[in-house]
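In: need a structure here:
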Amino acid sequence: MGSAPATVGEIRRAQRADGPAAVLGIGTANPPTCVAQDDYPDYYFRVTNSEHLTDLKAKLTRIYYWNKRAHNELHIISGKKSGIKQRFMHLNEELLAANPDFTDRALPSLDARVDIASAAVPELAASAAAKAIAEWGRPATEITHLIFSTYSGARAPSADRRLASLLGLSPTVSRTMLNLHGCYGGGRSLQLAKELAENNRGARVLVACSEITLIAFYGPEGGCPDNILGQALFGDGAGAVIIGADPVSPVERPLFEMAFASQTTIPETEDAISMEITKGGMEYHISNQVPRLLGSNVERCLIDAFDALGVSAKWNDLFWAIHPGGRAILDHIEGVLGLDDGKLAASRHVLSQFGNMSGTTVIFVLDELRRRRAAKQEGKAPEEWGVVMAFGPGITIETMVLHAPGSLEGN
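Out: Numbers count the residues shown, from 1 in each chain. Okay, the predicted model is just below:
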């Protein structure tokens, strides 16, 4: 007599991983053009042929160096007080010379922008992904799922399809594309990767986030203040992460285990952060209330996350990977949570060296964080538990609790 057929529940249990999802490799990449923040006002007005706007340039230069009175709040702006020293960009003077319409938001330049982004976005992502795959240590053909997040293009087949070709992924790879998630795209992608890895035994998920700001670049004349200020805040970059559960030793070496993830939307904040595609590119709005709104809500998200795990956490006993949307956001969160100096050092470093790269940025912070943990002074053990947080339109807050047990410290 044959054995009884398995129940659906038994089949599902067999399909799931035994352990939690873990970060198995991280990679980042930037385009070659680097602009020092102190030089940016002169650079911006020169490349947009706007040097005749002397009054506006003087005004914006003052704003870049902090104009609290004009905003009544700590605004997400650029300059010495922003903590940004430099940013990397795909857009350069040669590209602008070939596309002069990019400097005038009233001209219909969207098609040309999308043409450039459709090639550049997946190529930059491929550079980051190659590094993540190399650290992971297994062939790219063994990636089972791909999640790609960007706001920098709108075309089908999309950037995920092109990236799969560039990397030589299997034709059976399961692809998911996230568009226009903005600064929370990286956090959303990590949570989706966690769920895929834990619910599909043997799955290996490549998360790729890639952004280039030329989709939202134009000159200062006629532009709204949010967009003009954003020209000096946002940078270009790509980040990639390999996620999988039940790591195969000795090839796979987990960096962080993903213990919990959630998404929270702050009520009545639909207009606080917004993005809109127009004939002249992308326009965005960022309210000067964003730091305050986040500061009023992040602790509740953290309490809920650790309560769900049954873990008692003191905020200063954790390691932190916070999306550095701007210095004001980091300052507000640091103050609300009572964090010690240096707790957000990885986020501040990334903001300083790269600016805000939208959803990509949190992957850069994770990469910087793991380097800092590896370099901890002898005799001082790194923190065991940590948090990833990302924020974007909605206002949406992504929260993830990470675990790095003692056995992972040497990674």
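In: Helix or strand with the lowest mean pLDDT in this structure?
Out: The helix or strand of the chain with the poorest confidence is helix 68-71; it has a mean of 37 (mean pLDDT, DSSP states H and E).
In: Please pull up the helix or strand immediately following that one.
Out: strand 86-89 (DSSP states H and E).
In: And for that following strand, what's in contact with it?
Out: Strand 86-89 has contacts (C-beta atoms under 8 Å, 6 or more residues apart in numbering) with 30-37, 40, 212-214, 234-237, 352-355. C-beta: built from backbone N, CA, C; applies to glycine.
In: would you say residue 320 is within a strand?
Out: Yes - checked against DSSP: H, G, I helix; E, B strand; the rest coil, residue 320 lies within a strand.
In: surely it meets residue 339?
Out: Yes - between residue 320 and residue 339 there is a contact under C-beta atoms under 8 Å: 7.3 Å.
In: Just give the number of residues close to the nearest residue to residue 316 once chain neighbours are set aside.
Out: Nearest residue to residue 316 in three dimensions, chain neighbours excluded: residue 340, at 5.2 Å (C-beta to C-beta, 6 or more residues apart in numbering). For residue 340, the neighbour count with other C-beta atoms under 10 Å is 10.
In: ok, now residue 299?
Out: Using other C-beta under 10 Å, residue 299 is surrounded by 14 other residues.
In: Same question for residue 361.
Out: Using other C-beta under 10 Å, residue 361 has 31 other residues around it.
In: next one: residue 3
Out: Per other C-beta under 10 Å, the neighbour tally for residue 3 reads 5.
In: what's the spacing between it and residue 10?
Out: From residue 3 over to residue 10 the distance is 12 Å, taken as C-beta to C-beta, to the nearest Å.
In: intersection of neighbour lists for these two?
Out: Counting by C-beta under 8 Å, 6+ apart, residue 3 and residue 10 have no common neighbour.
In: that older thread, in strands only, show me the contacts of strand 86-89.
Out: 33-36, 237 (DSSP state E).
In: Let me have those in JSON lines, adding neighbour count as columns.
Out: Formatted as JSON lines, the ones in strands among the contacts of strand 86-89 follow (neighbours: other C-beta atoms under 10 Å):
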{"residue": "33", "neighbour count": "15"}
{"residue": "34", "neighbour count": "13"}
{"residue": "35", "neighbour count": "19"}
{"residue": "36", "neighbour count": "11"}
{"residue": "237", "neighbour count": "30"}
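In: now, which of the residues you listed sits nearest residue 15?
Out: Using C-beta to C-beta, residue 237 is the member of the ones in strands among the contacts of strand 86-89 that lies nearest residue 15, at 35.5 Å.
In: In this structure the closest one contacts residue 365, no?
Out: No - Residue 237 is beyond contact range of residue 365, at 11.5 Å (criterion: C-beta under 8 Å).
In: pLDDT on stretch 189-206, on average?
Out: Averaging pLDDT along stretch 189-206 yields 98.
In: per-residue pLDDT, residue 32?
Out: Note for residue 32: predicted pLDDT of 96.
In: Tell me what the residue nearest to it when sequence neighbours are not counted is bridged to.
Out: Counting by C-beta to C-beta, 6+ apart, residue 32 lies nearest to residue 88, which is 7.5 Å off, once chain neighbours are set aside. Counting by DSSP bridges, residue 88 is bridged to residue 34.
In: what's the distance between residue 88 and residue 36?
Out: 11 Å.
In: And the one helix or strand residue 196 maps to, how far out from the chain middle?
Out: Take DSSP H and E as the rule and residue 196 turns out to sit in helix 185-199. How far helix 185-199 lies from its chain's middle: 13 Å, per C-alpha atoms, centre = their mean, to the nearest Å.
In: quick one, helices of this protein?
Out: Assigned by DSSP state H, the chain shows helices spanning 8-15, 40-47, 54-64, 68-71, 93-98, 110-136, 159-167, 185-199, 225-230, 290-295, 298-309, 327-337, 345-354, 361-374.
In: Name the residues of stretch 195-214 that come out as buried.
Out: For stretch 195-214, burial by neighbour count (16 or more other C-beta atoms under 10 Å) applies to 196-198, 200, 203-214.
In: and what of stretch 130-150?
Out: With burial defined by 16+ other C-beta under 10 Å, the residues of stretch 130-150 counted as buried are 130-133, 135-136, 138, 140, 143-150.
In: and if you look at stretch 20-32?
Out: Under the neighbour-count criterion of 16+ other C-beta under 10 Å, stretch 20-32 has 20-31 buried.
In: Next step: the residues you listed restricted to strands.
Out: 21-29.
In: Format those as JSON lines; extra columns: distance to residue 251.
Out: Below are those laid out as JSON lines (distance: C-beta to C-beta, whole Å):
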{"residue": "21", "distance to residue 251": "17"}
{"residue": "22", "distance to residue 251": "13"}
{"residue": "23", "distance to residue 251": "15"}
{"residue": "24", "distance to residue 251": "9"}
{"residue": "25", "distance to residue 251": "11"}
{"residue": "26", "distance to residue 251": "16"}
{"residue": "27", "distance to residue 251": "17"}
{"residue": "28", "distance to residue 251": "22"}
{"residue": "29", "distance to residue 251": "24"}
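In: Can you lay out those as TSV showing distance to residue 49 and pLDDT?
Out: Output for these, formatted as TSV (distance: C-beta to C-beta, whole Å; pLDDT from 0 to 100):
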residue	distance to residue 49	pLDDT
21	50	98
22	50	98
23	45	98
24	48	98
25	44	98
26	40	99
27	37	99
28	33	99
29	30	99
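In: now, which of these sits nearest residue 48?
Out: Nearest to residue 48, judged by C-beta to C-beta, of those is residue 29 at 26.4 Å.
In: tell me the contacts of the closest one?
Out: 124-125, 127-128, 131, 237-239.
In: got it, and residue 339?
Out: 315-316, 320, 333.
In: mind pulling up the phi and psi values for it?
Out: For residue 339, the backbone dihedrals (degrees, to the nearest 10) come out as phi -80, psi 140.
In: phi, psi of the residue nearest to residue 355 when sequence neighbours are not counted?
Out: Nearest residue to residue 355, sequence neighbours excluded (C-beta to C-beta, 6+ apart): residue 235, at 3.4 Å. Main-chain torsions, residue 235, degrees, to the nearest 10: phi -130, psi 180.
In: residues touching residue 235, list them.
Out: Contacts of residue 235 (C-beta under 8 Å, 6+ apart): 30, 87-89, 213, 354-357.
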